[in-house]
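Visitor: sequence? don't have it. structure:
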């Protein structure tokens, strides 16, 4: 029974990661068919990432309140409906609305998945194994998205949405058959705080978009940035007063969770956003067709799987923080290679960097969640998982907006250097003394 639980949960995570990256290769086709410019097309990514990040902690509280199993089934159904609407979209507004609905559904689904893993598998080897499988599938989904997107876009970009439907049907039915439908607790759901946080994130990303198209001194840019500042101030005031808090007070005291949250943000600012830069490099600079661009990502996708599979062994031998720090160092090296030679020949310029960053990507993705959830009580696993993923996708949305600003000038080397710097920062965060295992040393005990 537990094996079937893990199959359903891992497949759901594959879907969430896949849908973040599957649109990358399809972006030029979407923009062409629906008349979108680069700044607006960027929102096909951000319209998913921002609601995902903004409502994740609401999803975590809902999972704790109504039960993770029940929320899993409902969120999967919503994701499937939004995918149908996105595939049938006849204009940019409908497409972006569908992506936003997918993001909200993903925000409800992700903490339910992590909560079910945390409550089904006991802390220790069983949970580490489950998270390793889940992480390997999730990291592979992010990498496979660009490959599958290239294959499907050869027929039509609409299939990047329709491909989700059979997966959501299987997960919903599997959830009803195999997942525990326990009742939750009476926790308050902080909807006001989530709306403020989501509005702030939207305003920041929108402000960066306007800065690229209208200029930093534009009244539209300044007004949007000011609105983002006001919403952020309102959100922080509520958190300080405790009147409408997103983050459970007890979670704030867990050091491994704080380190994991920083790691997820820097992961998304580095190898997590690499796909966006490489996709634009291949299609806009080199003129690759979507299928060829997707196939160019195959070596990276394969190495993501290899890296994820090696993580559990590395964690047992070295401990979680050293594994995470080493993976970030590898990522920084691979991204620096791409900055130096990514615009050269594919075999000697892109391929070595893709292989190194792919392996590092798989290790980072799995180990950052192992570390982040390591010391969290089972009852708070959904909320902790939501916090980790909020940091991940919020950082992803902001990073894509920043990279779009840089790439308006066609400077791919600078874009790669920015992601390499984020990976280097991730290594420092993971290596600092506060990230050590509970034993105080990077020992096999830290694998728990």
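Guide: Good, I have the coordinates. Every value quoted in this text rests on a predicted model; they were computed, and no experiment measured them. Numbers count the residues shown, from 1 in each chain.
Visitor: show me where the stretch 201-350 of the chain has its helices.
Guide: For the stretch 201-350 of the chain, the helices defined by DSSP state H, counting those that start in this stretch cover 219-241, 255-269, 271-280, 290-296, 298-318, 320-341.
Visitor: how about those helices in JSON lines, adding distance to residue 138 and mean neighbour count?
Guide: No exception for glycine: its C-beta is placed from N, CA and C like everyone else's. Shown next, in JSON lines, are these (distance: least, C-beta to C-beta, whole Å; neighbours: other C-beta atoms under 10 Å):
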{"stretch": "helix 219-241", "distance to residue 138": "28", "mean neighbour count": "16"}
{"stretch": "helix 255-269", "distance to residue 138": "12", "mean neighbour count": "25"}
{"stretch": "helix 271-280", "distance to residue 138": "11", "mean neighbour count": "26"}
{"stretch": "helix 290-296", "distance to residue 138": "19", "mean neighbour count": "21"}
{"stretch": "helix 298-318", "distance to residue 138": "8", "mean neighbour count": "21"}
{"stretch": "helix 320-341", "distance to residue 138": "15", "mean neighbour count": "24"}
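Visitor: dump these to a markdown table, plus mean pLDDT and distance to residue 140.
Guide: Converted to a markdown table, the helices of the stretch 201-350 of the chain look like this (pLDDT from 0 to 100; distance: least, C-beta to C-beta, whole Å):
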| stretch | mean pLDDT | distance to residue 140 |
| --- | --- | --- |
| helix 219-241 | 84 | 34 |
| helix 255-269 | 91 | 15 |
| helix 271-280 | 90 | 13 |
| helix 290-296 | 87 | 15 |
| helix 298-318 | 88 | 5 |
| helix 320-341 | 95 | 16 |
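Visitor: make CSV out of those and add distance to residue 376.
Guide: Formatted as CSV, the helices of the stretch 201-350 of the chain follow (distance: least, C-beta to C-beta, whole Å):
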stretch, distance to residue 376
helix 219-241, 19
helix 255-269, 6
helix 271-280, 22
helix 290-296, 37
helix 298-318, 17
helix 320-341, 14
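Visitor: how about these, which one is nearest residue 359?
Guide: With C-beta to C-beta as the measure, helix 298-318 is the member of these nearest residue 359 (4.1 Å).
Visitor: what are the contacting residues of that closest one?
Guide: 128-129, 132, 135-137, 139-140, 142-144, 146-147, 323, 326-327, 351, 354-363, 365-367, 370, 442, 444, 446-447 (C-beta atoms under 8 Å, 6 or more residues apart in numbering).
Visitor: and these, which of them are buried?
Guide: With burial judged by 16 or more other C-beta atoms under 10 Å, the buried subset of these is 128, 132, 135-137, 139-140, 142-144, 146-147, 323, 326-327, 351, 354-363, 365-367, 370, 442, 446-447.
Visitor: distance check, residue 315 against residue 328.
Guide: To residue 328, residue 315 is 15 Å away according to C-beta to C-beta, to the nearest Å.
Visitor: also residue 62?
Guide: Taking C-beta to C-beta, one finds residue 62 at 32 Å from residue 328.
Visitor: ok, residue 289 next?
Guide: Taking C-beta to C-beta, one finds residue 289 at 33 Å from residue 328.
Visitor: mind listing what's buried in the host helix or strand of residue 33?
Guide: Using DSSP states H and E, residue 33 sits in helix 2-34. Neighbour-count burial for helix 2-34 flags 5-31, 33-34 (criterion: 16+ other C-beta under 10 Å).
Visitor: pLDDT of that helix, averaged?
Guide: What helix 2-34 shows for mean pLDDT is 86.
Visitor: list the helices and strands the helix or strand that it is followed by packs on?
Guide: The first helix or strand that comes after helix 2-34 along the chain, using DSSP H and E, is helix 38-41. The contact analysis (3 or more C-beta pairs under 8 Å, 6 or more residues apart in numbering; DSSP states H and E) places helix 38-41 against helix 2-34, helix 191-213, helix 381-407.
Visitor: as JSON lines, those helices with distance to residue 104 would be great.
Guide: Output for the helices and strands packed on helix 38-41, formatted as JSON lines (distance: least, C-beta to C-beta, whole Å):
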{"stretch": "helix 2-34", "distance to residue 104": "12"}
{"stretch": "helix 191-213", "distance to residue 104": "9"}
{"stretch": "helix 381-407", "distance to residue 104": "12"}
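Visitor: okay, now the residue lying closest to residue 175 once chain neighbours are set aside: neighbour count?
Guide: Spatial nearest neighbour of residue 175, chain neighbours left out: residue 73 (4.4 Å); criterion: C-beta to C-beta, 6 or more residues apart in numbering. By the criterion of other C-beta atoms under 10 Å, residue 73 has 19 neighbours.
Visitor: distance check, residue 73 against residue 423.
Guide: From residue 73 across to residue 423, the span is 37 Å (C-beta to C-beta).
Visitor: same check on residue 95?
Guide: With C-beta to C-beta as the criterion, residue 95 and residue 423 are 32 Å apart.
Visitor: just confirm residue 356 contacts residue 330, I think it does.
Guide: Yes. The criterion here is C-beta atoms under 8 Å, and residue 356 meets it with residue 330 at 5.9 Å.
Visitor: surely residue 57 is in contact with residue 384?
Guide: No. In terms of C-beta under 8 Å, residue 57 does not count as a neighbour of residue 384; the distance is 10.1 Å.
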